[in-house]
Structure formats: structure tokens, C-alpha cells
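A.B. asks: generate a structure from the sequence data that follows.
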Amino acid sequence: MAEDEAPVVIPIDGTIDLHTFSPKDVKDLVPEYLLACREREILAVRIIHGKGTGTLRRTVHAILGRLDYVKGFHLAGETAGSWGATIVLLSPQTVCNGDG
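C.D. replies: Alright, predicted model coming up:
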């Protein structure tokens, strides 16, 4: 496997910076990252998409709007990236205890 084809290991810490990824990967990357956060009970996530023209922000917001485990999202405050980042609130995973 070529070095540029090797899987990228992303730390699951509640913040992801999309600048390091190809825009074509965002539609799969964002849901996968959010699911990994939920598995670790990280329910507030910051997605850094940059300010730029707003295209990536709109793409991210469209993805978030389609995910049933996203409780809500909003642009970050001044200290967390302003309109260059989005804060996402996730629903916790439901635990099935087998009682019905």
C-alpha cells in the first residue's frame, strides 16, 4: 500500500479539523467521526471547517441535518473558532439491556 493510501488514524477527542482531509471524503468522514465520538460518550463535538467561502460549512451542516443522532448544531463562539467551526450536540447511544 502506498504511503498516501495508508489509513489515517484520527484521534477521537471531540474535535476534528477538516482542513487535513480531501473535501470528497467529508460526507463519509463526518458521520463516522461522530459515531466514534458517541461510542466514547463524547456528546459535544467541534468540527473545524474553516471560514473560506462557506462551501465546506454548508456541506457539513447539510450532513448534520440528515443524521438522526444529532440533537442540534450551531456555529462556535468566538473562543472556539467563530463561524469557522461548528459545535455539534449528539444524542447518547441507547443501551439495550435485553429486558424487552
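A.B. asks: so what sits opposite I16 in the bridge?
C.D. replies: For I16, the beta-bridge partners are I47 (DSSP bridges).
A.B. asks: er, G72 actually
C.D. replies: Going by DSSP bridges, G72 forms beta bridges with L89.
A.B. asks: that one is in contact with L89, isn't it?
C.D. replies: Yes. Contact criterion Cβ atoms under 8 Å: G72 and L89 qualify, at 4.8 Å. Using the backbone N, CA and C atoms, a C-beta is placed for each residue, glycine as well.
A.B. asks: ok, the two, which is more surrounded?
C.D. replies: L89 (13 against 10; other Cβ atoms under 10 Å).
A.B. asks: what's the pLDDT at that one?
C.D. replies: What the model reports as pLDDT for L89 is 98.
A.B. asks: now the longest helix seen in the chain: buried residues?
C.D. replies: Ranked by residue count under DSSP state H, the longest helix found in the chain is helix 26-39. Neighbour counts over helix 26-39 (16 or more other Cβ atoms under 10 Å) mark V26, L29, V30, P31, Y33, L34, C37, R38 as buried.
A.B. asks: list just the nearest of the residues you listed to T79.
C.D. replies: C37 (20.7 Å; Cβ to Cβ).
A.B. asks: do you know how far that closest one is from T15?
C.D. replies: To T15, C37 is 10 Å away according to Cβ to Cβ, to the nearest Å.
A.B. asks: which neighbours do these two have in common?
C.D. replies: V45 (Cβ atoms under 8 Å, 6 or more residues apart in numbering).
A.B. asks: pLDDT value on the residue most central in space within the chain, please?
C.D. replies: Central residue of the chain (Cα atoms, centre = their mean): V30, 4.2 Å from the mean position. V30 carries a pLDDT score of 98 in this model.
A.B. asks: now do the contacts for it.
C.D. replies: V30 neighbours (Cβ under 8 Å, 6+ apart): I16, L18, I47, V60, I63, L64.
A.B. asks: if I look at it, how far off is E78?
C.D. replies: 23 Å.
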